[in-house]
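Participant: Pasting the sequence and the predicted model now:
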Amino acid sequence: IDGKDQAVPSGPFRWEGRPETRIREWASTPERDLLDAECRYSGFVHRRRFLFLKPDLLLILDQIEGPTGEHRIEQFWHAGGPQAWNAIALSGSTTEMASWRSKVFGEKEPSSTRCVLHAGSLPAVLAGAVSFASDLAGLKLMTVQPHPCLKVRFSDGRTREVTLG
């Protein structure tokens, strides 16, 4: 948010000014897993929900609230390799940028990253979907009161709509 990290690095395994975090809900059934968590820092609240629709679709919803005024929210997505992007759909337009990835601890190699940008007032809502079985063609984030709804479209034309509560 606004070009700042959630905490300040202070060595390889240490952070200063760590954010306040909590798990709001964790639920698991044979059909789905839900993790709803939040992170508070510098007057902002970042709430992230992971909904795993078993066996092959992971939905991620980010909601950011904070002080009034204009803010720049950057949501970075890192993939395991070029082919992985076929299985990822994002709710906003992306910019591709050079980055790095690590296959093992202590090593880095060049990789590409995609960034979804929201510039404007808060609250902001961003989303992503990862398919472990099919290629994705797109994701649409709809604001259905009182909860957001995600509509995922697969390359073969199938769609799946899910309300996150």
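Facilitator: Perfect, thanks for sending it.
Participant: What segments of the protein are strands?
Facilitator: For the chain, applying DSSP state E gives strands covering 8-9, 15-16, 20-28, 32-41, 44-53, 57-65, 71-78, 88-90, 94-101, 109-120, 124-131, 136-144, 147-154, 159-163.
Participant: can you list those in JSON lines and add distance to residue 1?
Facilitator: (Glycine included, C-beta is placed from N, CA and C.) Putting the strands of the chain into JSON lines (distance: least, Cβ to Cβ, whole Å) gives the following:
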{"stretch": "strand 8-9", "distance to residue 1": "14"}
{"stretch": "strand 15-16", "distance to residue 1": "16"}
{"stretch": "strand 20-28", "distance to residue 1": "15"}
{"stretch": "strand 32-41", "distance to residue 1": "9"}
{"stretch": "strand 44-53", "distance to residue 1": "6"}
{"stretch": "strand 57-65", "distance to residue 1": "7"}
{"stretch": "strand 71-78", "distance to residue 1": "6"}
{"stretch": "strand 88-90", "distance to residue 1": "18"}
{"stretch": "strand 94-101", "distance to residue 1": "17"}
{"stretch": "strand 109-120", "distance to residue 1": "10"}
{"stretch": "strand 124-131", "distance to residue 1": "9"}
{"stretch": "strand 136-144", "distance to residue 1": "19"}
{"stretch": "strand 147-154", "distance to residue 1": "19"}
{"stretch": "strand 159-163", "distance to residue 1": "26"}
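Participant: Just give me the lowest mean pLDDT stretch among these.
Facilitator: Of all those, the minimum mean pLDDT falls on strand 136-144 (a mean of 73).
Participant: what lines up beside it in the sheet?
Facilitator: strand 147-154 (antiparallel) (DSSP bridges).
Participant: And the contacts of the strand it pairs with?
Facilitator: Strand 147-154 has contacts (Cβ atoms under 8 Å, 6 or more residues apart in numbering) with 57, 59, 61, 63, 89, 91, 125, 127, 129, 131, 134-143, 159-165.
Participant: Could you pull up the residues touching residue 133?
Facilitator: For residue 133, the contacting residues are 55, 56, 57, by Cβ under 8 Å, 6+ apart.
Participant: Residue nearest the middle of the protein, spatially speaking?
Facilitator: Centrality entry for the chain: nearest residue to the mean C-alpha point is residue 60, 5.0 Å, by Cα atoms, centre = their mean.
Participant: show me what contacts it?
Facilitator: Shown in contact with residue 60 (Cβ under 8 Å, 6+ apart): 48, 49, 50, 127, 128, 129, 130.
Participant: cutoff 7 Å now
Facilitator: 48, 50, 127, 128 (Cβ atoms under 7 Å, 6 or more residues apart in numbering).
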